[in-house]
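Participant: Below are the sequence and a predicted model for it; my questions follow.
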Amino acid sequence: MRTVFLRHYSMPTALAGVFQLRQAKLWQHAARAADTRPLIPHGGPGFELAGGLEPREDEAVLDKITMSAFAGTPLDIVLRDCGVRAYLIAGVALEIGIEPTVRHSTDLGYVPVVVRDACGAGDDAAARRTLEALAFTGDAIVAGTEEVCAALAAHAGRAA
């Protein structure tokens, strides 16, 4: 199984575009965008992978400044070049980064599987709405860790 890790960061204020500045202003409750600071500076707190996640030599770590992991990164070409058509997704912010990544990937022709109990969220109500909306639109298969592990084990048994 191929694994790609992604890290999100914010551009320095002087290089941030309209979206990053508007979002920083909103999230930091600032009166002016110029009064904001980068939410997640490159190399700063919150930028590194979560503790315990140590990528192996054959795994990649991609950095992104957009909400979708497919915008502005080589993720799409990496997956296509490897013949990947479906993928598992888990991560920190279900309602912020995972949902846009899933929706973008369906437009690119992928079948995403959201591992619901392996996703964090900043807002529980927003996370519930995200899962409900993804299931309603059919943009993703939503499954728990046990279901995913059972499906992978069954597939491995057939491949043996």
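Facilitator: Structure received.
Participant: Leaving aside the residues adjacent along the chain, what's closest to the residue most central in space within the chain?
Facilitator: Centroid-nearest residue in the chain, with C-alpha atoms, centre = their mean: residue 98, separated by 3.9 Å. Leaving aside its chain neighbours, residue 98 sits nearest to residue 91 (5.3 Å; criterion: C-beta to C-beta, 6 or more residues apart in numbering). Every C-beta, even on glycine, is put in place using the N, C-alpha and C of the backbone.
Participant: any idea how far the one you found lies from residue 116?
Facilitator: Between residue 91 and residue 116 the computed distance is 12 Å (C-beta to C-beta, to the nearest Å).
Participant: in the lengthiest strand in the chain, what's buried?
Facilitator: If you go by DSSP state E, the chain has its longest strand at strand 111-119. Across strand 111-119, burial judged by 16 or more other C-beta atoms under 10 Å covers 112-116, 119.
Participant: same deal with stretch 91-108?
Facilitator: 91-106.
Participant: Need the contact partners of it.
Facilitator: 6, 8, 50, 66-71, 76, 87, 89-90, 112, 114, 118-123, 126-127, 129-131, 133-134, 139-140 (C-beta atoms under 8 Å, 6 or more residues apart in numbering).
Participant: do stretch 39-46 as well
Facilitator: 8-10, 12, 20, 23-24, 27-28, 38, 47, 63.
Participant: most surrounded residue in those?
Facilitator: Among those, residue 10 has the most neighbours (other C-beta atoms under 10 Å), with 22 neighbours.
Participant: Okay, residue 82 and residue 109: tell me how far apart.
Facilitator: Following C-beta to C-beta, the distance that separates residue 82 from residue 109 is 14 Å.
Participant: nope, residue 75 is what I was after
Facilitator: Counting by C-beta to C-beta - residue 75 and residue 109 are separated by 13 Å.
Participant: between those two, who's got more neighbours?
Facilitator: Taking neighbours as other C-beta under 10 Å, residue 75 and residue 109 compare with residue 75 leading, 22 against 9.
Participant: Please parse this structure into its domains.
Facilitator: Using automatic domain parsing, the domain ranges for the chain come out as 7-61, 66-160.
Participant: Brilliant, that's me finished.
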